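Asker: Provide a 3D model corresponding to the input given below.
(one chain, ligands or ions: 1)
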Amino acid sequence: MLREALYYKKLQNQSVRCTLCPHDCIINNGKSGICKVRKNKDGILYSLNYEKLSAVHIDPIEKKPLYHFYPGKNILSLGSLGCNLKCNYCQNSHISQFNPEKEYSVNNLSPEIIIKEAERIRNNIGIAYTYNEPIVWYEYMLETAIKAKKHHLKNIVVSNGFINSEPLAELLPYIDAFNIDLKAFTEDFYTEQTKSSLQPVLNTVKTIAAAEKHIEITNLIIPGLNDDSNTFKKMIKELVKINGRNTILHLSRYFPAYKSEIHRTPKDTLLNLYNYAKKHLNFVYLGNIKSETGNNTYCPNCGGLLITRTSAFTRISGLSENRCINCNHKIPVEL
Ligand code: SF4
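Answerer: Numbering: from 1, shown residues only. A predicted model of the protein is given here:
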C-alpha cells in the first residue's frame with residue numbers, strides 16, 4: 001500500500017524536497033531519496049514501506065537494548081525496510097540497505113492488527129519500532145504509535161537519531177522510550193562511515209532528554225574507527241552534559257558484517273572504554289560479549305546489586321519500586 005509521505009515540499013517541475021531527515025533529499029519525478037523507500041511519483045512523495053513488515057518478533061526488552069525500562073518484560077518488535085544511513089558495517093543490511101529492484105518477503109500488517117497482537121502477548125508492554133531504521137518508516141510508526149497509546153501500550157523507538165527537529169517533535173509525545181545509536185563522536189566518522197553527520201544525532205539526543213523521555217544510548221566500538229580513547233572521553237563528557245551521570249550507556253562489541261572486514265573488537269579495548277565510562281556515568285553496560293557483571297545494575301550510592309541480567313533471564317532483587325532496598329537511593333528505572 002502506498003501512503004503519501006509526511007514532511008515534504010513541492011518544488012518546480014514535479015520535483016520535491018523530503019524534509020524528514022537532515023539529508024533533505026531533492027527528488028525528481030520517478031526517483032527515490034537516499035533511503036530508497038520514499039519515491040516521487042508525479043510530484044507527490046510516497047512512503048514505499050508503509051504497512052510493510054520485514055520482521056515481527058516478541059523480544060525481551062533487554063534485547064533492544066533497554067535496561068532501565070520495564071526490565072524483564074517483553075516487547076512486540078517490528079521492522080520494515082530501508083535506512084537513511086549507509087554504514088559499511090551494518091549489522092542488519094539485508095533489510096536496511098533495501099534494493100527496490102529486488103523482491104522482499106514482507107507481511108502487510110495494518111496498525112490495528114499489530115495492536116491486537118501486542119495486546120494478546122503475555123508480559124508484553126507494547127510495541128518497538130526497530131531492526132531497520134524506523135525514521136524512514138515514519139508514517140506507519142507515527143500512526144501505529146498514536147493508536148497504540150490509546151490502548152495503553154508503550155511505544156519504543158530504536159534509532160540512529162538522524163531526523164529533522166519538526167518530525168521528531170510530532171513523534172515525541174507518543175514515544176515512551178528511545179534507544180539512540182550514537183555511532184561515534186566525530187563528524188569525520190559520520191561522513192566517511194555512514195554518509196551522514198553527527199550534529200543532528202546529538203540534537204536528537206538533547207531534544208529527547210530535554211523532553212524527559214526515557215533514553216538509553218548505544219555505542220558500537222569498532223577497532224581503528226571509533227575506539228580512540230580521547231574522542232571517547234569527549235563523548236562521555238558530552239553525554240554527562242546532556243543528561244547527567246545517570247545517562248544509560250551500552251557499549252557494544254562489533255563483529256564484521258556487510259562490507260566491513262575489520263576484525264572484531266578486542267575484549268581489552270571494550271573493557272578499557274567501559275572502565276573509563278563507569279568513572280563518569282552511573283549505568284554503563286556491555287553488549288555482544290560475555291561478562292559476569294557488565295549487564296547487571298548496581299546502586300550508584302551503596303553498590304548493592306539491583307538487577308541481574310543473563311542471556312536467559314532478568315531478575316530484579318534489589319529494588320522496591322524505583323529505590324534501592326539497601327540505601328533507599330532513587331534509581332532511574334521504570335518498573
Ligand atoms: S527520509 Fe529518505 S528521502 Fe527523506 S530526506 Fe531522508 S534519506 Fe532523503
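Asker: Tell me the residues on the chain that lie near the ligand, please.
Answerer: 18, 20-21, 23-25, 33-35, 38, 84, 136 (C-beta under 6 Å from any ligand atom). (C-beta placed from N, C-alpha, C; glycine too.)
Asker: Any idea how many residues pack against residue 152?
Answerer: As a burial measure, residue 152 scores 9 neighbours (other C-beta atoms under 10 Å).
Asker: Same question for the one 10 residues further on.
Answerer: Burial of residue 162, expressed as a neighbour count using other C-beta under 10 Å, amounts to 27.
Asker: pretty sure it contacts residue 20?
Answerer: No. With contact defined as C-beta atoms under 8 Å, residue 162 and residue 20 do not form a contacting pair (9.8 Å).
Asker: Pull up the overlap in contacts between those two.
Answerer: Common contact partners of residue 162 and residue 20 (C-beta atoms under 8 Å, 6 or more residues apart in numbering): residue 135.
Asker: Tell me both backbone torsions, phi and psi, for the residue in the stretch 1-150 of the chain that the ligand sits nearest to.
Answerer: Of all residues in the stretch 1-150 of the chain, residue 33 sits closest to the ligand, at 2.1 Å by C-beta to the nearest ligand atom. For residue 33, the backbone dihedrals (degrees, to the nearest 10) come out as phi -80, psi -180.
Asker: all strands for the stretch 1-150 of the chain, in order.
Answerer: 3-4, 8-10, 16-18, 26-27, 38-41, 44-47, 52-53, 55-60, 74-79, 107-108, 124-129 (DSSP state E, counting those that start in this stretch).
Asker: Next: the stretch 201-335 of the chain.
Answerer: Counting by DSSP E, counting those that start in this stretch, the stretch 201-335 of the chain has strands at residues 214-221, 248-253, 283-287, 297-298, 305-309, 314-316, 319-320, 323-324.
Asker: Any chance of those in JSON lines with mean neighbour count, distance to residue 166 and mean pLDDT as columns?
Answerer: Rendered in JSON lines, the data for the strands of the stretch 201-335 of the chain read as follows (neighbours: other C-beta atoms under 10 Å; distance: least, C-beta to C-beta, whole Å; pLDDT from 0 to 100):
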{"stretch": "strand 214-221", "mean neighbour count": "22", "distance to residue 166": "19", "mean pLDDT": "98"}
{"stretch": "strand 248-253", "mean neighbour count": "22", "distance to residue 166": "27", "mean pLDDT": "98"}
{"stretch": "strand 283-287", "mean neighbour count": "21", "distance to residue 166": "31", "mean pLDDT": "98"}
{"stretch": "strand 297-298", "mean neighbour count": "22", "distance to residue 166": "36", "mean pLDDT": "98"}
{"stretch": "strand 305-309", "mean neighbour count": "19", "distance to residue 166": "37", "mean pLDDT": "98"}
{"stretch": "strand 314-316", "mean neighbour count": "16", "distance to residue 166": "37", "mean pLDDT": "97"}
{"stretch": "strand 319-320", "mean neighbour count": "15", "distance to residue 166": "38", "mean pLDDT": "97"}
{"stretch": "strand 323-324", "mean neighbour count": "19", "distance to residue 166": "38", "mean pLDDT": "98"}
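Asker: Could you dump those strands into CSV with distance to residue 265 added?
Answerer: Below are those laid out as CSV (distance: least, C-beta to C-beta, whole Å):
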stretch, distance to residue 265
strand 214-221, 5
strand 248-253, 5
strand 283-287, 11
strand 297-298, 23
strand 305-309, 20
strand 314-316, 25
strand 319-320, 31
strand 323-324, 32
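Asker: circling back: and the residue of the stretch 1-150 of the chain closest to the ligand, what does it touch?
Answerer: By C-beta under 8 Å, 6+ apart, residue 33 lies in contact with 18, 23, 25, 27, 39, 84.
Asker: Out of the strands of the stretch 1-150 of the chain, name the one with the poorest average pLDDT.
Answerer: Sorting the strands of the stretch 1-150 of the chain by mean pLDDT places strand 107-108 lowest, at a mean of 90.
Asker: Mind listing the strands that one pairs with, and their directions?
Answerer: Paired neighbours of strand 107-108 in the sheet (DSSP bridges): strand 52-53 (antiparallel).
Asker: where are the low-confidence patches of this protein?
Answerer: Residues of the chain meeting the criterion pLDDT under 70: 100-101.
Asker: Can you give me the domain boundaries for it?
Answerer: Domains of the chain are assigned by automatic domain parsing as 3-47, 52-295, 301-335.
Asker: nearest to residue 118, of the strands of the stretch 1-150 of the chain?
Answerer: Nearest to residue 118 among the strands of the stretch 1-150 of the chain is strand 74-79 (4.5 Å), distances taken as C-beta to C-beta.
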